[in-house]
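Undergrad: Just to be clear, the model below is a prediction. Sequence and coordinates:
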Amino acid sequence: MVTAAAVNSSAVNSNAGKNPLLYSGAFPRWSDIKPSHVQPAVQQLIAEELASVELLEQDLARMSANITFDRLFKPLTQLRLRLDAVFGQIDHLSSVVDTPERRKAVDAITPSRVAFELHLGQSKPIYNAVKQLKDTSVIWQKLNPTQQRIVTITLKDYENSGVGLPEDKKKRFNAISDQLSQLTTNFSSNVLDSTMAFKLLVTNKSELDGLEETTLAVAAEKAKDAGHPSATAESGPWLLTLDYNTYVAVLSFAKNRDLRKNFYIAYRSIASSGKSDNTGIINQILALRKELAVILGYKNYAEEKFTYKMATFNSASSLMEQLINDSRAVAVEENAQVTQFARNVSEDKGLELKWWDIAYWSERQKEHLFHIKQERLREYLPLPLVIKGLFQLAHKLYGINVQLASGALPVWHKDVQVYAVSDANSTKPFAYFYADLFARPGSKQGGAWVQPLWDAAKYWRAPSPAAAAAKATKAAASNSTNSRTASVIWTPSLAKAESDWLNSAPYQLPIAVLISNQNPPAGGKPSLMSLNDAGTLFHEFGHALQHMLSKSKQGLTSGMRNIEWDAVETPSQMQEKWVYDKNMFNSIARHWNTNESVPSWMFDAIKSLKTYRQGNAFSYQLTLAMTDLILHSSYDPRGKVTPTQIQQQQSARIMPYKPYPGDRQLNNFGHIFGGGYAAGYYSYMWADVMSTDIYMAFEEAGMGNEARIEALGRKFRSTFLSLGGSIPPGEVFKEFRHRDPSVEPLLRYNGLKP
């Protein structure tokens, strides 16, 4: 085991007595952070960083003829990375330890947070300095390509933050930004509340006929937690909730058609009624986003967001339409086959499959075709072994070791584990990540994601000399970011102290958080995974690797920073494809109890599962992607057509069956209304074109050729996992593949073309 404390032996005892959110030691003090710490921490942080902004602005005014990249971007990098380190902890805990007190605390600081970001993003002295770097040819030509890229992106950031707007429009822009921040937070809270509100206690086991033993065991554990201490998987009672794992289990395995219908309607109605209804919030968000974009001079919100993408709106739409054409006929045939199968098995020649029947009969058809049941497959995929195999793959491909970190490191929940990452030829960690893998309905958001915490860069997680000077003069704003009186006065000595401080910044080891919602251990068994669960874990680990293995020399391009949004998913989607490699699968698949390896026939069946009903899978994702693009481009929020009707229209056009009339999925579509994928959900498909093409390079090399696979893995590490946002992703792809990406590998890999 690697000792985490070796990173900084004094870190645990440093900063004693300070607000734990502002702790500058090696690791966050998760167990000490309370909701009551949020508001004072943010007030102090903003006051300190406001002083740094003011000193920078004054410094730029005095050196306007001698602006250099470092003189401008070292302070900006320090500002951004320290802000994100603190707010990252706040955002993370809101996602995994939700409580009314925490929500209230986060709501209280949202206006201050937005106001400060707008103040920074609308700083004319900083904007003018960035523009001067870009417009002065003598300076520009001396910058390296990464520096030029940072300048260009930063200039665009400032322009899209409203820096050049007249005061009346700027005031409206700022008001909208504040509203949108609160609305997206409310959207996510409503989804969590609505999901948590659904609880179905079942006492008659016959109503659950067909459900897997794993699902029954988890449901019994939930019943115990809800006040039924004698609950067992065999005898019940069983508490069914609307978390995604339970929903999929019921739709896929429950013989009780009424139960499937109940769950389908409930899931498709999340956050669509009562106090948690997101319908009005969606309308407000779309209207405000469009108004915001128009104020900035764009035609619509999509046009603004595409300034941060590899694709243009037209090229993204064109790819989606191509994939619709390539997948729809396949999807229609798949549905015809599963309908005929259901009629044959049920001996009901007139059977019409309803929306809550499709997953159930697809699973039965899958069992018939491939002679494998999910419950049996789960027995061979215990989470600890899957994790071990994943880390072995990382060692083989990327030359790294991943081990549990020992030491008394604070965590936010007892199930969280901390891992140290080192190079294969070293015992010294260069990165860490926290893994929070089990579902906790009611306090933890569903889904899976990676949250970057500390960046791999040189910066301080402590206040600057400017902040100290402001505090010493008692002029720093302590209660509100609306205070615009100068809190710090430029002097040569203070400017030098600030510069020396920035130049002596220590290198921070990167830290990430990996989140999923796997079923917890239950019934005396470890957590058992489905193939999709394993793929999700591999996927998120790909994101974590890109954050942790970054070698960018600029903090603003470290990890996933300033990577075009439609390329961010590339490493994660490539990583997940390794689940279906035979050697990889054999390393993660052994029976949890007997240690028996997977029979060869079973792996052959699993390999075939990779392309099962991929036409339908593509159609579903393409429906969401096109709905998103339309809602943020041509859709008129003031018109008579509703967002749900737009989704229904796209579903009718793309999906192989009629849309469910009561579908309110948009009310639960956190990617575009609560996350960062607005006008960008197509990115999953765009990035998968590249990720599949990359994975094909490994297959072309020959999976049995260890030397070539290892060389390709190291090349992938030195490009996609190391370069961060320092180089445009199209150029990174060419460096790896020596050509532009092709859509053909994606179609062949998923069985949409021979």
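TA: Perfect, thanks for sending it.
Undergrad: Kindly list the longest strand within this protein.
TA: Ranked by residue count, the top strand of the chain under DSSP state E comes out as strand 429-438.
Undergrad: May I have the strands that pair with that strand, each with its orientation?
TA: Sheet pairing of strand 429-438 (DSSP bridges) gives strand 417-423 (antiparallel), strand 511-518 (parallel).
Undergrad: closest to S315 out of the ones you listed?
TA: strand 511-518 (31.1 Å; C-beta to C-beta). C-beta coordinates here come from the backbone N, C-alpha and C atoms, glycine included.
Undergrad: Which SSE is immediately downstream of that closest one?
TA: helix 531-548 (DSSP states H and E).
Undergrad: Surely E540 touches N517?
TA: No - E540 lies out of contact with N517 (C-beta atoms under 8 Å); the separation is 11.0 Å.
Undergrad: tell me which residues of the longest helix seen in the chain are tucked away?
TA: In the chain, ranked by residue count with DSSP state H as the criterion, the top helix is helix 313-346. Within helix 313-346, the residues that qualify as buried by neighbour count (16 or more other C-beta atoms under 10 Å) are 313, 316-317, 319-320, 323-324, 326-328, 330-332, 334-335, 338-339, 341-343.
Undergrad: Stretch 100-119 now?
TA: For stretch 100-119, using 16+ other C-beta under 10 Å, the buried residues are 102-103, 105-106, 109, 112-119.
Undergrad: sorry, back to before: among E540 and N517, which residue is more densely surrounded?
TA: Remark: of E540 and N517, E540 carries more neighbours, 25 against 21, as counted by other C-beta atoms under 10 Å.
Undergrad: ok, how many other residues are close to the closest residue to I372 other than its chain neighbours?
TA: Closest residue to I372 apart from its sequence neighbours, by C-beta to C-beta, 6 or more residues apart in numbering: A605 at 4.7 Å. A count of nearby residues for A605, using other C-beta under 10 Å, gives 19.
Undergrad: do the same with D500
TA: D500 has 10 nearby residues by other C-beta under 10 Å.
Undergrad: That one and L22, how far apart?
TA: Counting by C-beta to C-beta, to the nearest Å, the gap between D500 and L22 amounts to 22 Å.
Undergrad: can you give me the offset of stretch 578-591 from its chain's centre?
TA: 25 Å (C-alpha atoms, centre = their mean, to the nearest Å).
Undergrad: who touches both of E540 and N517?
TA: A448 (C-beta atoms under 8 Å, 6 or more residues apart in numbering).
Undergrad: after the lowest-mean-pLDDT helix or strand in the chain, next one along is what?
TA: Least confident helix or strand of the chain, by mean pLDDT, DSSP states H and E, is strand 2-3 with a mean of 34. Next along the chain after strand 2-3, taking DSSP H and E as the criterion, comes helix 35-62.
Undergrad: For that next one, buried residues please.
TA: Neighbour count says helix 35-62 has 35, 37-38, 41-60 buried, by 16+ other C-beta under 10 Å.
Undergrad: so how far is the next helix or strand after that helix off the chain centroid?
TA: Next helix or strand after helix 35-62 toward the C-terminus (DSSP H and E): helix 69-96. Distance of helix 69-96 from the chain centroid (C-alpha atoms, centre = their mean) equals 17 Å.
Undergrad: Quick one: distance of the helix or strand containing T110 to the chain centre.
TA: Using DSSP H and E, T110 sits in helix 100-121. Using C-alpha atoms, centre = their mean, the mean C-alpha position of helix 100-121 is found 21 Å from that of the whole chain.
Undergrad: Next: stretch 621-641.
TA: 22 Å.
Undergrad: Quick check: end-to-end length of that stretch?
TA: 22 Å (C-alpha to C-alpha, to the nearest Å).
Undergrad: And it, what's buried?
TA: 621-633, 635, 637.
Undergrad: Sort out for me which of these are in strands.
TA: Going by DSSP E, the strands hold none of the buried residues of stretch 621-641.
Undergrad: so which one among the residues you listed has the lowest pLDDT?
TA: Among the buried residues of stretch 621-641, P637 has the lowest pLDDT, at 94.
Undergrad: Find the helix or strand that the nearest residue to that one once chain neighbours are set aside is a member of.
TA: Leaving aside its sequence neighbours, P637 sits nearest to A287 (C-beta to C-beta, 6+ apart; 3.8 Å). Taking DSSP H and E as the criterion, A287 maps to helix 279-295.
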